[in-house]
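Colleague: let's see this in three dimensions:
(2 chains)
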There are 2 protein chains.
Amino acid sequence: MRATIDFYFDFSSSYSYVALPRLARLAEEHEIHINWKPIVLGVIFKAMNHAPPAADTTKGRYVWRDVERSAEFAGLPFKWPNPFPFNSMSAARIFWYLADDDMDRAVEWARAVYHASFGEGRDCSSPDVLAAVAADLGLDGQELVEATGNESVKQKLKQVTGEAMERGVFGAPTFFVGDEMFWGGDRLEQLERHISSN
Amino acid sequence: MRATIDFYFDFSSSYSYVALPRLARLAEEHEIHINWKPIVLGVIFKAMNHAPPAADTTKGRYVWRDVERSAEFAGLPFKWPNPFPFNSMSAARIFWYLADDDMDRAVEWARAVYHASFGEGRDCSSPDVLAAVAADLGLDGQELVEATGNESVKQKLKQVTGEAMERGVFGAPTFFVGDEMFWGGDRLEQLERHISSN
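Modeller: Numbering: from 1, shown residues only, chains lettered A, B, ... in the order given. Got it, this is the predicted structure:
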């Protein structure tokens, strides 16, 4: 049976962006199916009374540098979006709106949003930017931005975020192979070995 | 010139134990000198008002599992010491006492303490256990345990811990190549590339 990775991410997670090339390589080499699942990590952070390290702390400064270095290591263009972190709710809702019809199209959307935000530093909390990203993919930007107010799309994003929290997700990216959880792109090496030995 | 890695660790850091084989391989392959620098991370945590995730939280449970899996991945025996975390002050003072005479001997000590605590689950906060570990290395356990009260040894540990904090260390293991800081054994891959390209 073809293995499946459940991939929980937030569009505002820089470490998720950085993990994409390695994840793609792994999926290709092992013919693994990736189940893309955008969530709103802020909801989970709030429930857990947790926050990412602030930029003006010792740890925060290191983490920013580490993200930049990791992007370089992954061969990715990198530019911090401004503001950062940004509200990723609309980008995620649009993903789930597209996924309802065509998951491949939704994944294309996810890649395009990541490239726009962390590759080009554009503000993907803005409806105008999201509409422009959509247009570049040949999609109807206005339709997609309007879909962010769609009740079933809102519910879907809430449901997947709740599912992630129930499975123990507390950060992004988080990967599951069955019940085995791996947090961070730097655990894809272990995930790969886990798949190979199971 | 032979490259040097400053390696800051705490004897109670499970992730430092897990990083040892990869660090050793890297040092051998690139003929790098490792500057072993045990510190007391608790002092830094206190100054930063930071604490590692508690074992009974979602993140804490994941981290414990991740440490065990990482040890397996590294080909290391693993058993949680009880208690954990433990007070690593005496083990670190003994390191610095030995280092004053013979750094190689001190590094042997560090490896033996790590093996006793995370490889065999022994309580390396206990003077009896430390004396037994010393005896296995052909050292005088009583002399070493007494040295933990030595004023210059206490000062040395304080000084190195302060130096680590000034350089931006907030967790362990932390590695420096010049001023470039890498936190976590999972960054040794990037550190290796950094060395190769400089």
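
Colleague: for chain A, which residue gets nearest to chain B?
Modeller: Using CB to the nearest CB, the closest approach of chain A to chain B is made by A:Asp186 at 4.1 Å. For the C-beta atoms, the positions are set from N, CA and C on the backbone; glycine is no exception.

Colleague: and the pLDDT at that residue?
Modeller: Looking at A:Asp186, its pLDDT stands at 96.

Colleague: count residues in the vicinity of it, would you?
Modeller: By other CB atoms under 10 Å in any protein chain shown, 20 other residues sit near A:Asp186.

Colleague: hang on, it packs against B:Trp183?
Modeller: No. Contact status for A:Asp186 versus B:Trp183: not in contact, 11.1 Å apart, counting by CB atoms under 8 Å.

Colleague: and the residue of chain A closest to chain B, how far from A:Val63?
Modeller: Between A:Asp186 and A:Val63 the distance, using CB to CB, to the nearest Å, works out to 13 Å.

Colleague: before we move on, what about A:Arg167?
Modeller: 24 Å.

Colleague: A:Asp6: what secondary structure?
Modeller: Reduced to three states with DSSP: H, G, I helix; E, B strand; the rest coil, the structure at A:Asp6 is strand.

Colleague: my bad, A:Phe182
Modeller: A:Phe182 ends up strand, using three-state DSSP.

Colleague: name the residues linked to it by a beta bridge.
Modeller: Here A:Phe182 shows beta-bridge partners A:Phe175, assigned using DSSP bridges.

Colleague: my guess is it contacts A:Ala172. True?
Modeller: No. Distance between A:Phe182 and A:Ala172: 11.8 Å, which falls outside the contact criterion (CB under 8 Å).

Colleague: contacting residues for the residue of chain A closest to chain B?
Modeller: With contact taken as CB atoms under 8 Å, 6 or more residues apart in numbering or on different chains, A:Asp186 is in contact with B:184, B:186-187.

Colleague: could you find the closest non-adjacent residue to A:Val107?
Modeller: Spatial nearest neighbour of A:Val107, excluding adjacent residues (CB to CB, 6 or more residues apart in numbering or on different chains): A:Trp36 at 5.4 Å.

Colleague: that neighbour is in what secondary structure piece?
Modeller: A:Trp36 is located in strand A:33-38, with elements delineated by DSSP states H and E.

Colleague: which residues touch that strand?
Modeller: Looking at what lies outside strand A:33-38 - CB under 8 Å, 6+ apart - the contacts are A:2-11, A:23, A:27, A:88, A:91-92, A:95-96, A:103, A:106-107, A:110, A:157, A:160, A:164.

Colleague: one more time with 6 Å, if that's ok
Modeller: Taking contacts as CB atoms under 6 Å, 6 or more residues apart in numbering or on different chains, the residues outside strand A:33-38 that touch it are A:2, A:4-9, A:27, A:92, A:95, A:107, A:110, A:160.

Colleague: list the buried residues of stretch A:164-178.
Modeller: Residues of stretch A:164-178 classed as buried under the neighbour-count rule (16 or more other CB atoms under 10 Å in any protein chain shown) are A:164-165, A:168-177.

Colleague: stretch A:137-153 now?
Modeller: A:139, A:141, A:144-145, A:147-148, A:153.

Colleague: narrow those residues to those in strands?
Modeller: Under the assignment DSSP state E, these contribute nothing to strands.

Colleague: quick one: those as CSV, columns for pLDDT and distance to A:Glu31 too.
Modeller: Listed next are the buried residues of stretch A:137-153 as CSV, based on pLDDT from 0 to 100; distance: CB to CB, whole Å:
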residue, pLDDT, distance to A:Glu31
A:Leu139, 98, 29
A:Gly141, 97, 34
A:Leu144, 98, 31
A:Val145, 98, 36
A:Ala147, 98, 32
A:Thr148, 98, 34
A:Val153, 98, 31
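
Colleague: which members of these are the farthest-apart pair?
Modeller: For those, the farthest-apart pair by CB to CB is A:Gly141 and A:Val153; their separation is 15.9 Å.

Colleague: what about A:Asp123, neighbour count?
Modeller: Residues within reach of A:Asp123, counting by other CB under 10 Å, total 16.

Colleague: could you do A:Ser197 as well?
Modeller: Applying other CB under 10 Å, I find that A:Ser197 has 6 neighbouring residues.

Colleague: measure it to B:Phe73 for me?
Modeller: 11 Å.
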